[in-house]
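J.: next one to model:
(chains A, B, C and D, ligands or ions: 4)
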Amino acid sequence: MPGRRAAFPRPLLLAKDYAVLILLVVVTVYLSFASSAFFTSDNLLNILNQNAPLAIIAAAGTFVIVSGNFDLSTASVFAVASVSAAWLASETGDVALALAAAPVIGLALGAVNGLVVTALRIHSFLATLASSLVYSALAVLITGGALITVTAEGFTELGRGEFLGVFIPVWVLAGVVALLWFLLSGTVFGRHVFATGGNAEAAELSGVRVNRVKILVFTLSGLAAGVAAAIAVSRIASGQPQAGAGMELQAIAAIILGGTSIHGGVGAVWRSVAGVFLIALIGNGFDILDFNPQLKDLVTGVIILAAVALAAVGRTRR
Amino acid sequence: MPGRRAAFPRPLLLAKDYAVLILLVVVTVYLSFASSAFFTSDNLLNILNQNAPLAIIAAAGTFVIVSGNFDLSTASVFAVASVSAAWLASETGDVALALAAAPVIGLALGAVNGLVVTALRIHSFLATLASSLVYSALAVLITGGALITVTAEGFTELGRGEFLGVFIPVWVLAGVVALLWFLLSGTVFGRHVFATGGNAEAAELSGVRVNRVKILVFTLSGLAAGVAAAIAVSRIASGQPQAGAGMELQAIAAIILGGTSIHGGVGAVWRSVAGVFLIALIGNGFDILDFNPQLKDLVTGVIILAAVALAAVGRTRR
Amino acid sequence: MERLMAAPAGTGAPNRRAVVELRGVSKWFGGTHALDGVDLDLLPGEVHALVGENGAGKSTLGKIIAGVYQRDGGALAVDGAEVGRWDPVRAGRHGIAMIAQELALVPELTVAQNVFLGRERSLAGVLRRGHGNDAAFDAVCALAGFRLPPRRRVAELGIADQQKVEIMRSLARDARVIVMDEPTSSLTAHETEQLHRLIAALRDQGRTVVYVSHFLDAVLDVADRVSVMRDGALVRTANAADETKPSLIEGMLGRPLAVTFPERPPPVDPSVPPILEVAHLATADGVVDVSLSVRPGEIVGLLGLVGSGRSEIARAIYGADRITGGTVTFDGTPHARPRPHRSIAAGLAMVPEDRHGQGLVLERPIRENIALAHATLFATAGVISRRRERAAVNALAERLALRPARTELTTSGFSGGNQQKALIGKALLGDPAFVILDEPTRGVDVGAKYAIHELVVALARQGVGILLISSEHEEVMGLAHRAHLVRDGRTFAEVVPERTTVDRILTALFGADQHEGAAP
Amino acid sequence: AEDSSGDGSAEGGAYKVAVLAASAQNGYNQAVYEGVVAGAEDLGLEVDAKILDGGFDATTQLSQLQNAATSGEYDGVIVVPHDGPSLTAAFPMTGDLPVVSVLNPIGPDIDELEPQVEGVVSTVAVSPTAAAERQAEDVVTYCADLDPCSVMLVVGNLSSPLDVARRDAYQSVLEANDNIEIVSTLEGNYDRDQSLSGVANALQSNRDVNVILSNADQMTLGAEVALTNAGIDPSTVYLTGGGGTTEALQAVREGRWAADYVNFPVSMGAAAMEQLANAIAGDPVETVVDADAVGPEGVEPYADADSLATVEDFTGEWNG
Ligand SMILES: Nc1ncnc2c1ncn2[C@@H]1O[C@H](COP(=O)(O)OP(=O)(O)OP(=O)(O)O)[C@@H](O)[C@H]1O
Ligand SMILES: Nc1ncnc2c1ncn2[C@@H]1O[C@H](COP(=O)(O)OP(=O)(O)OP(=O)(O)O)[C@@H](O)[C@H]1O
Ligand SMILES: [Mg+2]
Ligand SMILES: [Mg+2]
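T.: Ligands and ions are numbered 1, 2, ... in the order given. Have a look, this model is predicted:
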């Protein structure tokens, strides 16, 4: 629909465009005052480190949503990738190979998603829902449902190691986010992702290879799930099919909370990352402060609504 | 996108429009040959009975999807309704009151969803994701997280009782489906639901009170979740906050599997019901034939893809 | 308008090798045989017009050339070489671009981003900075002869400006063959003239322009050759010089038809109280200060340049946009806080200018679309009687000569012009006492246009008040009793069409107006 | 952590203890928490115990464990692992914060109760395999004079290593007897309704089932409803579950169920608190506490009507 809008004051515009940042700041400030333990580099790095896998998945998921699609299979791609890595490591003992396998497998499964979506021309919501079932079954079959423990020397380096006093996952996160941010906002591919999500027919008519774009965004999403899996599996030194359950929705929630439009065509990588950490902060706050954990969901829900309401203030009634 | 199609033989057209029915038949036929226990009125009624709650939620969910929205809160509405009913029954011992409360509560929570979506003018995906968090927190607070067992005389009548040799839930299901089917396809309200989902701006300009329609579809969805909860809670004679977890996605999956467009504007109630039972049959088959449950997801995923592929055959490259 | 650029006689000489050749091309849509063995040659350096009734197959033909649709039969050759699989990307590589009849733009991207979509200049996939607002964009503007703000989101443009973006996009591809499907359907006379100059210029650069239009004068004006289509088949291809308006019409309809404006209904006695009265109306969407009145049986026009805010005035009266100032009085009673549902209930209908964005629910049957605003008419206690509904809808379809006359078909399956007819039918179903017509004949063929004009007049004779907006000023001039001149959301003058001319109106409209470019 | 635990003891033994629940919304975990608090009182200790919600999510719980260590707020941690193996990543922890694990061990081997990682001082649990085998053996005894003796297995979730271990244990014990036939294996997901559906389906092809063996009371309760719906008197079938919930014990007492494997979450919490206190105080610690032995005097964990008859007043330590 044509976004006919009247002019309105700057601050509201800001509220509309940066609601998630504003709330991130509010929560941070509150927690800093509420607990001395919160605003310490130790704790903040911890938060980054712990949520690196989810943030990576959400960052790549942004491409999927912006292109007007859904990827509900990230959690099961994550599961397959992590059990495979664990299995390889425990079978071959070749740590590098095992950890490298995770992203490759993720990439492959993602590509399959893309092919299914484009070949069958069905909505990705259903396609990836189905593939997620298939993939999680795969994960179970690889392990027989049992747990695969990795004892191989150095397997935990990626997940637990540090570099310049900062956990390696944090470095990976930084790198991935920077890369994807640029990819979406600064490249032709990124532009075509926006166009595909904004109006696929128009994009096609303009010579954008819409199907290719779709396949690529799903591949990217799968790749990210694989990278996340590599980090997580190396961190816990064991693989099991349930790994990552629920991540797919957490990621999508974070992406949309960030302000990326579920209709496609509008969004940014930084938004999704901000969304992930806004939710993470709430959880962290509940652990640090002596709140009744039964209220955590309540608070999270309310804060999400607050963010959205804030953004809504910007938009005026048509 | 416009339904562009080239000339093709009738059967393919059928495949496109009735894929879910075709698969339903195929699976039924297969199971009938695979196990004598399958195609017995006993078993078929048992399947209907088991899945009545989900089917009721999916039937009402069709309105939400057709109107171009999402309701991710049905599971938590279901949870709140069931714990409340259990709590009331165990507190007051008044069975009728307790079971009547569930639909009422569902209706109220659904209306709240509708108001949030329209008042904040945010996409229902995020709105209901947030409200689902709030609601499930509510459910936990009502029970304090514990399980509420109901011993009150006659509480299980609704869920376990029979009428004319058929379980009462099956009767309820039949009634609800008939009603909703007619409501969507035969009434002015239904017309407005289609228009809202197809082109909200055009609908508004045609005098459709788009916001009112949205509020109503969410209310309907909540009401259905409440009815489903009443059946389920009465059946297991106990209420607990995790009740129904995951139902919201199962319902949406079934709706889309049925052939209702996730873009809104196109769909039917019977499709969603068919979708529910297609998936239910697979589960029933596994249990009857004692297949390895670890393969259930795999098969389900594959069959969903098959259904979709079948539908895709109909559509040809434009 | 006098002939713009003399095309050398015999441009149609087939000795020049064709850029694009179609041989026996056919296309099916479900049951409809949209194209039936069409042969067509497109020569370099020619303007090749396609004319035909609504639903004749013009757009389908264009889309097959541009690779949007796949042909079901026949052959397509480019530069003499037969092509197999054909899609927009391949077509683009061969220098074929298309301006679709139904605008296809990415609303969330800016003007420049849309113009260069798929043609982004980059270093190894990395976008060049300042992209869009630079020489390249200026060059396209220069070529096009008009300018748009490169950084404005397309969603914020009026539909006419959006059409300009489409034109610029095809230019940015510097295509050898440009298919323009009704490019002027929402341009004002002045802009149309500009576009025609542009087309002539392109032709002289040796490019081929396929020009689909229902404005036969314009066709004869700019085209070198004309192909006439009827019911998906090619009737004939001839030099424009050898065709006349009547000959084209006869070719299209298969029967002669005199196209003049129907006789205006008798002027309304000024003492009759107005059915609609608007005083100092203002909105946040472009209406600044508008006052006008319409009496029952009176046809009042709005004359303005694109972007003058005519549609916004219509939307404000109808209640689609929030009113921030002024009053609307309908049938003697204040129409306070108008909203569409109140307007409809009160007997005030509107035909919006953008049939896809604001008018129709494309995936629903035509029947439901026509009945949408008045479903209650056929309902008892909210339950719709399909029988009564179908009867009423079919009657209207009949009256509007809807083609195909199958009201159960999905709306997306109807040709642009026929969708427009359905849109009008939708407004008339409730027998309104007052109708706002915003571009009512956008994209309809001569025959249908004549029918619609008669319809408008008939309505007026029945005592219906009509507010008529049309970028085709002749239409307003030919039908309206009175007309208000609109600029920048203000009504600044009133004219009686019978006593003035289009040119004088234009001069008045351009008045102090710079941004519309050179005034005539 | 060093100094903080110092502070803790300095303040006349006011310990700060974090209880990491697999899920704070879950009856079993809450019972453990109550046990921790109660246990502290019995020991005459002043303990400030805080429950954290793992939300049945491995990563969340791992984060909480790490945060507990780095924040230096606590003197000790009691964990009910949602996923024991994945918690390994938190060790060795910053500082020497003592950790006691309840219900499941922490570390790569889900059946090894001896501390597997540096920092876990004690584990209050029973090996899932051992418990499952014991349940199955009772079934074998019941089936002794039945040929064929058809058994339905209802296990929690076959993509969880713990439950896969249980299923394997069930199978290995039962399949050793050729009179016993496992007619179906169902996933009950610790949910009454799901096990109700599963069993109802399975009954369609096996009405003549003799035994329904499940590892959780919720699922057995569902199975019981399925039997009743199918017109089968539950007491004619050997029904057994796991958990020792109030409802289950009642069912066994009333003879609707043949047996139940009883857990003592409250007592386990108390025992965990006791070991943690020892660790903090530097006293000797039992590295493994057999969860089957912590229950009230005379309560037999593998309970049947007779064994329960000897302890009238025992109604179970939790419900869920
Ligand atoms: N969504 C919008 N946001 C901001 N300004 C807008 C929007 N839509 C239209 N406008 C401006 O409002 C004015 C009127 O738009 P529009 O082009 O519809 O006028 P119009 O007179 O109806 O022209 P036409 O009907 O020929 O398209 C123009 O200045 C246009 O740029
Ligand atoms: N996407 C489609 N699906 C089904 N039928 C279609 C589709 N597009 C066009 N048709 C049918 O093909 C025929 C030709 O349509 P087309 O749009 O080419 O006509 P047109 O000459 O462009 O008419 P107009 O002047 O109104 O634009 C019409 O009968 C139309 O109903
Ligand atoms: Mg056309
Ligand atoms: Mg307009």
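
J.: ranges for the helices of the stretch 1-150 of chain A?
T.: Under the criterion DSSP state H, counting those that start in this stretch, the stretch 1-150 of chain A contains helices at A:10-34, A:41-66, A:74-92, A:95-120, A:124-143.

J.: likewise the stretch 201-320 of chain D?
T.: D:217-229, D:246-253, D:265-281, D:305-309.

J.: low-scoring pLDDT stretches of chain A, where are they?
T.: A:1-13, A:313-318 (pLDDT under 70).

J.: residues of it that sit close to chain D?
T.: Taking Cβ under 8 Å from any Cβ of the partner chain, the part of chain A that reaches chain D is made up of A:37, A:42-43, A:46, A:50, A:53-54, A:136, A:139-140, A:144-147, A:149, A:151, A:156, A:159-160, A:232, A:235-238, A:240-243, A:245-246, A:283-284, A:286-288, A:290, A:293-294, A:296. (C-beta placed from N, C-alpha, C; glycine too.)

J.: now the buried members of the residues you listed.
T.: Neighbour-count burial (16 or more other Cβ atoms under 10 Å in any protein chain shown) applied to those gives A:37, A:43, A:46, A:50, A:53-54, A:136, A:139-140, A:145-147, A:149, A:156, A:159-160, A:232, A:235-238, A:240-243, A:245, A:283-284, A:286-288, A:293-294, A:296.

J.: give me the element D:I78 is part of.
T.: Under the criterion of DSSP states H and E, D:I78 resides in strand D:76-79.

J.: can you point out the buried residues in that strand?
T.: Across strand D:76-79, burial judged by 16+ other Cβ under 10 Å covers D:76-79.

J.: and the next helix or strand after that strand, average pLDDT?
T.: Note on strand D:76-79: by DSSP H and E, the next helix or strand toward the C-terminus is helix D:84-87. For helix D:84-87, the mean per-residue pLDDT is 88.

J.: which residues does helix D:84-87 contact?
T.: Helix D:84-87 has contacts (Cβ atoms under 8 Å, 6 or more residues apart in numbering or on different chains) with A:147, A:149, A:236-238, A:240, A:243, D:58-59, D:61-62, D:65, D:79, D:81, D:101, D:104-108, D:110, D:161.

J.: in helices only, show me those residues.
T.: Judged by DSSP state H, the subset of the contacts of helix D:84-87 located in helices is A:236, D:58-59, D:61-62, D:65, D:161.

J.: could I get the residues you listed as TSV with distance to C:E263?
T.: Shown next, in TSV, are those (distance: Cβ to Cβ, whole Å):
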residue	distance to C:E263
A:I236	86
D:A58	82
D:T59	79
D:Q61	84
D:L62	85
D:L65	89
D:P161	88
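
J.: quick one: buried ones out of the residues you listed?
T.: For these, buried by 16+ other Cβ under 10 Å: A:236, D:58-59, D:61-62, D:65, D:161.

J.: with the buried residues of strand D:76-79 in mind, which one is nearest to A:F194?
T.: D:V79 (46.0 Å; Cβ to Cβ).

J.: wait, the closest one sits on D:V99?
T.: Yes: the pair formed by D:V79 and D:V99 meets the contact definition of Cβ atoms under 8 Å, at 6.2 Å.

J.: list the residues that are in contact with both of those two.
T.: Residues touching both D:V79 and D:V99 (Cβ under 8 Å, 6+ apart): D:65, D:106.

J.: residue ranges with poor pLDDT in chain C?
T.: In chain C (pLDDT under 70), the answer is C:1-15, C:129-133, C:512-520.

J.: ok, the residue nearest the centre of chain C to C:R315 distance?
T.: With distances taken as Cα atoms, centre = their mean, C:S185 lies nearest the centre of chain C, 3.1 Å away. Applying Cβ to Cβ, to the nearest Å, the value for C:S185 to C:R315 is 19 Å.

J.: likewise for D:A272?
T.: 70 Å.

J.: which of those two has more neighbours?
T.: Taking neighbours as other Cβ atoms under 10 Å in any protein chain shown, D:A272 and C:R315 compare with D:A272 leading, 31 against 28.
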